[in-house]
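K.L.:
Kindly return the folded structure for what I paste below:
(2 chains)
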Amino acid sequence: MLLAGVEQVVTEPRDELAAAHDAISYDEDFSAFAASRWPGLVRLAFGLTGDRWTAEDIAQTALAKAYVAWRRVSGAADPDAYLRRILVNTSNRRFRKRRVTEQPGDLPELAVEGPADLVGERAALVAALRQLPARQRAVIVLRYWDDLTDVQIAAALGCSPGTVRSQLSRALAALRANPAFGEGDEW
Amino acid sequence: MVTVTEDTQLRRRVDDMLRAVQPSAVPLDAIVRRGNGIRLRRAGAAVVGVGLAGILAVTTLALDVGRQPAAPAAAPTDPAAPGETIATGTADGHAWRLAVQDIADPGSRCVPAITVNGTDADPVYPDPGYSAAVALGAVLPGIAFGFIQLPADIRGIIVNGRRYVPAVTVAACGYRYHVAGFAYSLAQATRITAANPPPGEPTDFAMPDLASKPPATEVTPQSAGVWVNMGRVSGAAASGTLASAGIPEKGWSIAVTFGTGGDCYEFSASSSLGSAQTGACGPVSTPDGPETIMALPLGLPGDATAYAVQVSPRTARLKAFLSNGSSELATPRVVDGRKYAAFVVPNALRLSRLNWLDAAGAVIASTTALPRYGYVQFQP
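P.N.:
Model (predicted):
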């Protein structure tokens, strides 16, 4: 078989990218950190999104960002607070992006009946949380799942403790008023 | 004001909801790959800045010495063909071309890959010493294409002791590859040696064994168009969820992992009957190349077939027509600069037609040649 037309193309060296790629290696500390935080991150992200696979995607992205900034994260006074902030920001950015790119006509039209139906108490809570604005949902999850104080929640959300209190109050009022969620005062 | 009872009850319910979520094993490799991608994007942005500064400096220098600016150095043989040519030739009367090119959609982060005839990409980074090969199945039976990334001081290779293939230096996305590309017959064992092995360096290069791959069946994965890489290869990688519905105990999701193994799709489903998943890898398409339509059937508890398609940049929707006369619309999602659409079809129904729609809703392509399992390629 004849090989024809082979040419040599000379281009500017751009080895910086390759060097950057090669220079990155596994860090044992990071591996241990990621493994221990992964379940909690996925659950927190699920609380923020209501979708398990989106949650895993967000948790993965948050840990990837933590990997890139590992020196800063591991050297922080509270690495978990740092990671939580990354995760909440990642989730919010994803939510904003979806709001921009998915107009009402673009909503997924592939809802599966039957096996994917949301049923039971957990499903009711998932549905009720989904109806809350992102920040209110985050306040509920960080308060009732991560057991954080107003100050810690404020740090994760990048707002003031006063805003946290007002968002929590509104979120609780919305949950109380949600017929799919609450039956009278019985939560 | 929240009462103590409310507080306790809500805490219990949130705790119960989130403890029910059973995360999969920590995907450490994917996390590190994604982290590397973030780093590379940042490094790439920095290099672009440096490159622009360099171009300005070179242009200024050229004007200072009163010379005409030099013509671009990296022009491919065929100006219309994408990327830079590694090698071209004919095999059984069919022209072929190996090239390195950007396979991301226009406007997205550059993703370099080595392609055959502008498609079936292998998204590898420069990695001297590593080789890869691909066969195109029924398109060119008995023929394989391969490339070897060579150390800079090796000027070429010899195939089966008699054919000299020179190495070329080509670039894409800021990466520079020193590589020899060639076609070869699968009917005989292939031996590759360095044309000028420097002292102390290996003279032989190993190639992936494609000849022993069994033909695809319902239980044997297809391999046409999917590159097989030798050894630890560094390549572009990304993953993302293409479609999902439901909650952890009852739902489904279709995800893609893109890398040197191809476009690898995974369909997971859970119901009260349990959970299950299936997956397969297909060829990596380019923005202008044929699109791979992948079907992943799953029995109970999913009892559905997932379809995933890597679509062209101008595809705004995929419309799936089912055997009962109904239709579904799937909106593509972008994963690291490449666009995919995915949807599920209950196993009680069949996918009968697939239409590609543009942003205005106009049909830009249509096919009824759809797989029940595995993949087919379709040029919209």
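K.L.:
Every contact and neighbour count from this point should use C-alpha atoms.
P.N.:
Fine.
K.L.:
Test of understanding: give the bridge partners of B:S244.
P.N.:
Taking DSSP bridges as the rule, B:S244 bridges to B:S253.
K.L.:
Next one: it relative to A:S166, how far apart?
P.N.:
Per Cα to Cα, to the nearest Å, B:S244 is found 33 Å from A:S166.
K.L.:
Between those two, tell me which one has more neighbours.
P.N.:
More crowded of B:S244 and A:S166, by other Cα atoms under 10 Å in any protein chain shown: B:S244, with 26 against 13.
K.L.:
How about the contacts made by that one?
P.N.:
By Cα atoms under 8 Å, 6 or more residues apart in numbering or on different chains, B:S244 lies in contact with A:51, A:53, B:251-254.
K.L.:
Test my guess that B:G274 contacts B:G302.
P.N.:
No. Applying Cα atoms under 8 Å as the test, B:G274 and B:G302 come out as separate, 9.1 Å apart.
K.L.:
Those two - which one has more neighbours?
P.N.:
The neighbour comparison of B:G274 against B:G302 (other Cα under 10 Å) goes to B:G302, with 27 against 12.
K.L.:
quick one, domains of chain B?
P.N.:
B:84-229, B:238-378 (automatic domain parsing).
K.L.:
Going by proximity to chain A, name the top residue of the stretch 251-380 of chain B.
P.N.:
Here the stretch 251-380 of chain B gets closest to chain A at one residue, B:G251, 4.4 Å apart by Cα to the nearest Cα.
K.L.:
Doesn't that residue belong to a strand?
P.N.:
Yes. Per DSSP: H, G, I helix; E, B strand; the rest coil, B:G251 lies within a strand segment.
K.L.:
Determine the number of other residues adjacent to it.
P.N.:
28.
K.L.:
now check stretch B:332-339, is it near chain A?
P.N.:
No. Stretch B:332-339 does not reach chain A (Cα under 8 Å from any Cα of the partner chain); its nearest approach is 10.1 Å.
K.L.:
any residues touching that stretch, and which ones?
P.N.:
Under Cα under 8 Å, 6+ apart, the answer for stretch B:332-339 is B:104-105, B:108-110, B:238-240, B:242, B:310-313, B:315-318, B:340-342.
K.L.:
All the strands of chain A, in order from the start?
P.N.:
Applying DSSP state E to chain A gives strands spanning A:3-4.
K.L.:
Got the domain ranges for it?
P.N.:
Structurally, chain A divides into domains by automatic domain parsing as follows: A:29-100, A:120-187.
K.L.:
Single out the most deeply packed of these.
P.N.:
Stretch with highest mean neighbour count among the domains of chain A: domain A:29-100 (a mean of 20; mean count of other Cα atoms under 10 Å in any protein chain shown).
K.L.:
where do the strands sit along the stretch 51-200 of chain B?
P.N.:
B:84-91, B:94-102, B:112-116, B:119-122, B:131-135, B:143-149, B:156-159, B:163-166, B:168-172, B:175-185, B:192-194 (DSSP state E, counting those that start in this stretch).
K.L.:
Over the first one, what's the mean pLDDT, rounded is fine.
P.N.:
Spelled out, that is strand B:84-91. Regarding strand B:84-91, the rounded mean pLDDT is 89.
K.L.:
in its sheet, what does that strand sit against?
P.N.:
Each strand paired with strand B:84-91, and its direction, by DSSP bridges: strand A:3-4 (antiparallel), strand B:94-102 (antiparallel).
K.L.:
what's the answer for the last one, then?
P.N.:
Strand B:192-194 has the following strand partners under DSSP bridges: strand B:156-159 (antiparallel), strand B:204-205 (antiparallel).
K.L.:
Tell me where the model's unsure across chain A.
P.N.:
Residues of chain A meeting the criterion pLDDT under 70: A:1-27, A:94-120, A:180-187.
K.L.:
Turn the strands paired with strand B:192-194 into TSV, including mean neighbour count.
P.N.:
TSV is the format used below for these (neighbours: other Cα atoms under 10 Å in any protein chain shown):
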stretch	mean neighbour count
strand B:156-159	22
strand B:204-205	15
